[in-house]
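Asker: Model the structure of this input:
(one chain, ligands or ions: 2)
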Amino acid sequence: MTAAPGHPAPGHPAAEAAQPAMNPAEDASSTEDEAPAVPAPSGHLAHTWEEARQAAFDCAAPIPAGSVPLREALRRTLAADITALQDMPHYASSAMDGWAVNGTGPWILAEPGQRLAPHQASVIVTGGLIPPGAKAVLRRESGVISKDDEGLPVLALGGGARPGEPRNGQHIRKAAEEAVAGEVLVKAGTTLNPAHLALAALGGHDHVKVVGKPVVTLLLTGSEVVDHGLPEAGQVRDTFGPQLASVVEMLGGICTRQVRIGDSYGEWLEALEDEGPAAGPDDPLAEASASALPPDVVITTGGTGVSGTDHFRRAVADLGGRLVIDGVAMRPGHPAVLAELPDGRFVLGLPGNPLAAMMALSTVGAPLLAALGHGTMPPVQEVPCGTMIEPDPGRTRLLPFRLLYGMASPSQHTGPGMMRGLASADGVMVVPPHGVQLGEAVPAFALPWGPAIPEPKTRESKSKSSPRRAGNRSAGKPAAASGPVDWSALLDQ
Ligand SMILES: Nc1nc2c(c(=O)[nH]1)N[C@H]1C(S)=C(S)[C@@H](COP(=O)(O)OP(=O)(O)OC[C@H]3O[C@@H](n4cnc5c(N)ncnc54)[C@H](O)[C@@H]3O)O[C@H]1N2
Ligand code: MOO
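Answerer: Ligands and ions are numbered 1, 2, ... in the order given. Have a look, this model is predicted:
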């Protein structure tokens, strides 16, 4: 689906105030700050921000449930009950170091493991198999070895023995006392914690069946990019290596691999082709491991633009893929591209500029990963805008903001190549092409690592939470988000 720029998706607040489409020729002298709003880098019409999100969500089907090794199952959602594959414990064992005994003492010592007749005992350690005939375990500190009249070793109760020791069954862990074979240990739908994994192991499992999640690999491009130390002039320090895998995981992906390549077309093509399964068929554990699976999504960085080294579109075309999204009418991040390859892999192309890449990931990557991972469309809420923002016909602006006195104030240092503004932001404002008035509600989304966007305060909720203020200061003022200026949020701080 492709829409004319300046015509936001129906139902969006911007729809009623859409601006006429710009003439691309008017933008011929664009600087980085004024990147063209209308055509995608390929010359196609870009999707609106809302359309791009929806297209990324709609193009992907949820990944089916599959088995994963226990070590990879942490925090996954269990797709099928975990049952005990055998009794737990599956044999009666000793809970103490000492002696397995039959009847009352003194006991004649027998070889460990052999059947015990009455008044016989044999040495046993904690966890040891209870021999046939044993009725109890006597702790090491409750017995003493002495000699009988004939000089043979015998076991007798010692000074540490408690009255009545050993009782029948004492210090014996009975078979099946934790669970009988077939009993449900963990129910489907549970988010697995480390103790669940230990329990599954006790139940005899090597793998568990979990709800599908997208496997993602990263392809970081650019020969000017250095991944450590101080870059020289003409070089740039890599911002993606330290953050992208974590953000992908926060968005519901499993990041298994990160590859760096330079700028040549050959490297691009080879890297996109080279994503087959790595597991040997004779290794059942490796077979199910996420790191051995081909990725569901490849995320590339850089190379989305129009210069001679920008190879994304050519590589996708040569591999027989199709473009799902070819540019988004937004800034920063407008060259974002999403393609699907014939083998079913999605390739998400993030622009090289660091902030632009994060905005493209939020716009296209977040809905795509949510759809693949059985999630819902990432929410867009509203915040009252703490400043007036001019129109920018034909494109949505994504502005990191700080919440000041309950209102969203655009962060500083938010050029497409900067990270300072995003690093301290409380969320991102989605400023529609027609701009925003001071105090007006503006759509906004939370950062995957950041705080939730606060619920808008209505007059009713304010009077419930703060009757004195509501009575004294806010009476008669319009509810938040309903009028152009709502100062009550400011007064409430
Ligand atoms: N003639 C035009 N030029 C550009 C346009 C345009 O519309 N017409 N759009 C600009 C915008 S906006 C963006 S965003 C970038 C997109 O560029 P690419 O995706 O092709 O990325 P590169 O050219 O490879 O790099 C851009 C920039 O980012 C730096 N970079 C790359 N990788 C990293 C990294 N791992 N860590 C930090 N910084 C990185 C790279 O050095 C460049 O400075 O195109 C504009 N140009
Ligand atoms: O400004 Mo470019 O839109 O993506 O950094």
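Asker: burial of Phe57, as a residue count?
Answerer: Here the count is done by other Cβ atoms under 10 Å, and Phe57 has 20 residues near it. In short, each C-beta sits where N, CA and C put it, glycine included.
Asker: In the protein, where is pLDDT below threshold?
Answerer: For the chain, applying pLDDT under 70 flags the ranges 1-45, 275-288, 308, 458-493.
Asker: go with 80
Answerer: Applying pLDDT under 80 to the chain picks out residues 1-45, 159, 274-293, 306-309, 456-493.
Asker: can you give me the helices for it?
Answerer: 49-58, 194-202, 244-250, 265-273, 284-288, 312-318, 354-360, 366-372, 420-423, 459-465, 467-469, 488-491 (DSSP state H).
Asker: Could you pull up the residues touching the nearest residue to Leu155 once chain neighbours are set aside?
Answerer: The spatial neighbour of Leu155 that comes closest, neighbours along the chain excluded (Cβ to Cβ, 6 or more residues apart in numbering), is Trp107 at 4.4 Å. Counting by Cβ atoms under 8 Å, 6 or more residues apart in numbering, Trp107 touches Trp99, Val101, His119, Gln120, Ala121, Val154, Leu155, Ala156.
Asker: and if you look at Thr126?
Answerer: Ser94, Ala95, Met96, Asp97.
Asker: sorry, back to before: buried ones among the contacts of Trp107?
Answerer: Trp99, Val101, Gln120, Ala121, Val154, Leu155 (16 or more other Cβ atoms under 10 Å).
Asker: Now go through those residues and say which are in strands.
Answerer: Trp99, Val101, Gln120, Ala121, Val154, Leu155 (DSSP state E).
Asker: now those in a markdown table, with distance to Leu202?
Answerer: Below are those laid out as a markdown table (distance: Cβ to Cβ, whole Å):
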| residue | distance to Leu202 |
| --- | --- |
| Trp99 | 27 |
| Val101 | 28 |
| Gln120 | 32 |
| Ala121 | 30 |
| Val154 | 38 |
| Leu155 | 33 |
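Asker: among these, which are within reach of ligand 1?
Answerer: Subset of these in contact with ligand 1: empty, counting by Cβ under 6 Å from any ligand atom.
Asker: which one among those residues gets closest to ligand 2?
Answerer: Trp99 (75.5 Å; Cβ to the nearest ligand atom).
Asker: What residues are bridge-paired with the closest one?
Answerer: Beta-bridge pairing of Trp99 under DSSP bridges involves Val123, Leu138.
Asker: Settle this for me: it is touching Ser122, isn't it.
Answerer: Yes: using Cβ atoms under 8 Å, Trp99 is in contact with Ser122, at 6.4 Å.
Asker: got a list of what Pro351 touches?
Answerer: Thr301, Gly302, Thr304, Gly305, Pro332, Gly333, His334, Pro335, Ala336, Ala357, Ala360, Pro416.
Asker: wait, Pro112
Answerer: Ser122, Val123, Ile124, Gly128, Pro131.
Asker: how about a cut-off of 6 Å?
Answerer: Ser122, Val123 (Cβ atoms under 6 Å, 6 or more residues apart in numbering).
Asker: Check Leu219 too.
Answerer: Val259, Ala271, Val298, Thr300.
Asker: Bridge partners for it, pull those for me.
Answerer: Counting by DSSP bridges, the residues bridging with Leu219 are Val259, Thr300.
Asker: Check Val144 too.
Answerer: Ala156.
Asker: pretty sure His413 contacts Ala423?
Answerer: No: assessed by Cβ atoms under 6 Å, His413 is found out of contact with Ala423, at 8.8 Å.
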